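*Asks:* sharing a model prediction with you, sequence too.
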Amino acid sequence: MVTKGFTGRGVDPETEERLPRGQHVTQGFPVLSATATPKIDLNNWKFQLKEGLRPIASWTWLEFNQLPRTVFNGDIHCVTSWSKFDTSWEGISIDDIFAAAGVGPLTPFVLAECYGGYTTNVPTADLVAGKAIVATMYGGRPLPSRHGGPARLLVPHLYFWKSAKWCSGLMFTKREEAGFWERQGFHMRGDPWKEQRFSDDL
Ligand SMILES: Nc1nc2c(c(=O)[nH]1)N[C@H]1C(S)=C(S)[C@@H](COP(=O)(O)O)O[C@H]1N2
Ligand SMILES: [Mo]
């Protein structure tokens, strides 16, 4: 028997529609870091775009913040099973970063690099056409360091481990190169709507 307005999972229909399988909604904002939060001096901070090991563009903090700004409002999904609805972010879209560097998608694969050493690979197609930003603001304030400030990648339509905190740049790679969690068996793409958690998930 179905109770009016509710589903068997005990969540309302709107929530159910927004919640990928295997996820639950959290009101808090958990912190998940594989390393200690790195100390980053904004005077030395830079964001680099590279083709393989070759740098093709670089921005200081001041330069980076003069690029056009993009807002994202929406939901995020962590592979550890929490989802958070209605988060609000602001930063620079990957489209605008590529445009400022005068490049298009140079290869189909990107490896995001971070202060502290974390990496994650993301298909270039998942970063462009308005799908991803490098976020510097969360909830109308500078992004707190525990959540990846001064700047983190935000790829909200993929599991949240793809949203590299303390991001120092993006590297185009010839082949698909596994990042930190991907080398430990997590999925190369990580679409929560397809439950692409582990490397053998389709
Ligand atoms: N540099 C870096 N980025 C990272 C991580 C990390 O350990 N280091 N963890 C990832 C994982 S597994 C998740 S779920 C999210 C967590 O982001 P949060 O701590 O802001 O919730 O960051 C991702 N980005
Ligand atoms: Mo995660």
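*Replies:* It's in. Ligands and ions are numbered 1, 2, ... in the order given.
*Asks:* buried stuff in the strand ranked longest in the chain?
*Replies:* The strand that spans the most residues within the chain, counting by DSSP state E, is strand 82-93. Buried residues in strand 82-93, defined by neighbour count with 16 or more other Cβ atoms under 10 Å: 82-84, 87, 89-93. Every C-beta, even on glycine, is put in place using the N, C-alpha and C of the backbone.
*Asks:* ok, now stretch 146-153?
*Replies:* In stretch 146-153, counting by 16+ other Cβ under 10 Å, buried: 147-153.
*Asks:* straight-line length of it, end to end?
*Replies:* Stretch 146-153 has an end-to-end distance of 14 Å (Cα to Cα, to the nearest Å).
*Asks:* does it reach ligand 1?
*Replies:* Yes. Using Cβ under 6 Å from any ligand atom, stretch 146-153 reaches ligand 1 at 147-148.
*Asks:* quick one: which of the buried residues of strand 82-93 is nearest to Ala100?
*Replies:* Closest approach to Ala100 among the buried residues of strand 82-93 (Cβ to Cβ): Ile92, at 8.4 Å.
*Asks:* look up how far Asn43 lies from that closest one.
*Replies:* From Ile92 across to Asn43, the span is 19 Å (Cβ to Cβ, to the nearest Å).
*Asks:* was I right to think Tyr118 contacts Cys167?
*Replies:* No. Counting by Cβ atoms under 8 Å, Cys167 is not a contact partner of Tyr118; they are 9.0 Å apart.
*Asks:* which of the buried residues of stretch 146-153 fall in helices?
*Replies:* Within the buried residues of stretch 146-153, no residue falls in helices by DSSP state H.
*Asks:* out of these, who's nearest ligand 1?
*Replies:* For those, the residue nearest ligand 1 by Cβ to the nearest ligand atom is His147; the value is 3.7 Å.
*Asks:* quick check: closest non-adjacent residue to the closest one.
*Replies:* Leaving aside its sequence neighbours, His147 sits nearest to Tyr138 (Cβ to Cβ, 6 or more residues apart in numbering; 6.2 Å).
*Asks:* and for Phe72?
*Replies:* Trp89 (4.6 Å).
*Asks:* my read: that neighbour touches Ala132, true?
*Replies:* No. In this structure, Trp89 is not within contact of Ala132 by Cβ under 8 Å, at 10.7 Å.
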